[in-house]
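**Student:** what's the 3D shape of this:
(2 chains)
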Amino acid sequence: DTGVSQNPRHKITKRGQNVTFRCDPISEHNRLYWYRQTLGQGPEFLTYFQNEAQLEKSRLLSDRFSAERPKGSFSTLEIQRTEQGDSAMYLCASSLGLSGGPTDTQYFGPGTRLTVL
Amino acid sequence: DQQVKQNSPSLSVQEGRISILNCDYTNSMFDYFLWYKKYPAEGPTFLISISSIKDKNEDGRFTVFLNKSAKHLSLHIVPSQPGDSAVYFCAASARNSGYALNFGKGTSLLVTP
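**Tutor:** Presented below is the predicted three-dimensional model:
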């Protein structure tokens, strides 16, 4: 078990471009979460999946943000028409999700650092 | 609106002494509280948690205390070790939001030899 992996680890893009990040959860983890962390702040929840179903997306930052988990395994987070304010660390976490309760520990990946020029 | 607050951005403690990290929250719907530890260039790592039905949980050198009436929790590390130097995030979750984590801004702990 190699833990949660995220690719790429770093992404530099120009304003207006689209970017996509990938997250591979721990195998057999049913829940997958996306968070964003800006400088000096704690991680901020964006969305989460139970298997392939996206159960919460109201906290995605704008309609430029979208996430998918088509087969209930890996997930992608896409940002369209990037803005300088999107520069941040994007973190993915996964959990077993069997009970969906509070003791379902979330394990985080190393994150993808996005820089929008 | 910051629902979880860590008012001390940094803390410095001597090796062997106690480290106390504090956290306050505003949302009374929170029923589960966690502490995560983060090293540079890594994602947060789960450290310890506590349910709202308890007031204390202990795991080795780490103890978390919860005061529901004051909406306050704290993490005690005894004895502190240089390897404990990291950023510590307090997080809280609620059933009505799928237990998504709400994080504080973090406290940077430095344990000096």
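**Student:** what segments of chain A are strands?
**Tutor:** A:5-7, A:10-13, A:19-24, A:31-37, A:44-50, A:53-56, A:65-68, A:75-79, A:88-95, A:107-108, A:112-116 (DSSP state E).
**Student:** turn these into a markdown table, columns for mean pLDDT.
**Tutor:** Listed next are the strands of chain A as a markdown table, based on pLDDT from 0 to 100:
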| stretch | mean pLDDT |
| --- | --- |
| strand A:5-7 | 96 |
| strand A:10-13 | 97 |
| strand A:19-24 | 98 |
| strand A:31-37 | 95 |
| strand A:44-50 | 93 |
| strand A:53-56 | 88 |
| strand A:65-68 | 95 |
| strand A:75-79 | 97 |
| strand A:88-95 | 96 |
| strand A:107-108 | 94 |
| strand A:112-116 | 97 |
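**Student:** out of the ones you listed, nearest to chain B?
**Tutor:** Among these, strand A:107-108 comes nearest to chain B, with 3.3 Å by C-beta to the nearest C-beta. C-beta coordinates here come from the backbone N, C-alpha and C atoms, glycine included.
**Student:** which sections of chain B are below the confidence cut-off?
**Tutor:** Scanning chain B for pLDDT under 70 picks out no residues.
**Student:** near chain A, which residues of it show up?
**Tutor:** Within chain B, the residues that sit near chain A (C-beta under 8 Å from any C-beta of the partner chain) are B:4, B:6, B:31-32, B:36, B:41-46, B:49, B:51, B:89, B:91, B:93, B:95, B:97-106.
**Student:** what sits against residue B:100?
**Tutor:** A:33, A:45, A:48, A:56, A:59, B:93 (C-beta atoms under 8 Å, 6 or more residues apart in numbering or on different chains).
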